[in-house]
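Trainee: let me see the structure of the following:
(one chain, ligands or ions: 1)
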Amino acid sequence: MARRRLVYEGKAKILYEGPEPETLIQYFKDDATAFNAEKKDVIEGKGVLNNRLSEYFMSGLNSIGVPTHFIKRLNMREQLIRAVEIIPLEVVVRNVAAGSLAKRLGMEEGTALPRPIVEFYYKDDALGDPLVTEEHIIAFGWASQQDMDDMVALALRVNDFMSGIMLAVGIRLVDFKIEIGRVFDGDFQRLIVADEISPDSCRLWDIESGEKLDKDVFRRDLGSLTDAYTEVARRLGVLPRTG
Ligand code: C5P
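Mentor: Model prediction:
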């Protein structure tokens, strides 16, 4: 097979030039990283699971009218996506205190939040993705006021959809991160969900046992990451065929 042109290689994914203009091929690697890549490993099969799971969430979002970059899955590790201009922010939505919020504010992990909280982090590995406010985002021109409103609305719709899907299979959506990109129809700009939605970018706790079924299993050495992600895929009925 002719080698495709590599457009971008990140920690867990590679983007290649797509077959049509304005498309890309997103390849899911098995690499796992945490703490800004200070902790690294290769977890066999993770890329296959995340490809399937991201397909499942993004195609579900597309079908209820929440626009995403997902077009179709191509094979075990690749999907065809729309090219977007990524906004350099990580948009985090939290339903329950955990991770950096619990640490920053001295809250006990597991405390339910009075309402979903949307946070923005500036995507910059060298700075460790610092938390930023709307003031920074607008002052530095990363997004407009209209973009801010659209990003919050998009993030909260994703939260409602994902919380519902997870609740139906006995999982609490504690928090998650999305990335958002711009697409242009002539002069008209729209914001769509990009990157991936998978257990790499969510916190997922079993409602009954509290067991963690997400990347914290890797971050905190709690057992097999593949087993955790396979359990999420099994409950959702999206287990990949082997081979
Ligand atoms: O670490 P923190 O508590 O801020 O993470 C919030 C959520 O965002 C978690 O679900 C985590 O997996 C996700 N996240 C991510 N990529 C990052 C930082 C956080 O997917 N670089």
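
Trainee: which residue does this structure have closest to the ligand?
Mentor: Distances between the chain and the ligand by C-beta to the nearest ligand atom are smallest at residue 99, namely 2.2 Å. For every residue, glycine as well, the C-beta is placed using N, CA and C.

Trainee: check the gap between that residue and residue 83 for me.
Mentor: Applying C-beta to C-beta, to the nearest Å, the value for residue 99 to residue 83 is 31 Å.

Trainee: find the residue at the geometric middle of the protein.
Mentor: residue 197 (3.4 Å; C-alpha atoms, centre = their mean).

Trainee: skipping adjacent residues, who's closest to it in space?
Mentor: Nearest-residue entry for residue 197: residue 57, 4.2 Å, with adjacent residues in sequence omitted and distances by C-beta to C-beta, 6 or more residues apart in numbering.

Trainee: check residue 134 too.
Mentor: Residue 134 sits nearest to residue 148 (C-beta to C-beta, 6+ apart), 5.6 Å away.

Trainee: next, the closest residue to residue 201 other than its chain neighbours: phi, psi?
Mentor: Excluding the flanking residues, the one nearest residue 201 by C-beta to C-beta, 6+ apart is residue 177, at 4.6 Å. Reported as degrees, to the nearest 10, the phi and psi values for residue 177 are phi -120, psi 140.

Trainee: the helix ranked longest in the chain vs the ligand: in contact?
Mentor: Longest helix in the chain, counting residues (DSSP state H): helix 145-168. No. Using C-beta under 6 Å from any ligand atom, we find that helix 145-168 stays clear of the ligand, coming within 11.0 Å at best.

Trainee: give the rounded mean pLDDT of that helix.
Mentor: Helix 145-168 shows a mean pLDDT of 98.

Trainee: and it, what's buried?
Mentor: Neighbour-count burial for helix 145-168 flags 147-148, 150-152, 154-155, 157-159, 161-163, 165-166 (criterion: 16 or more other C-beta atoms under 10 Å).
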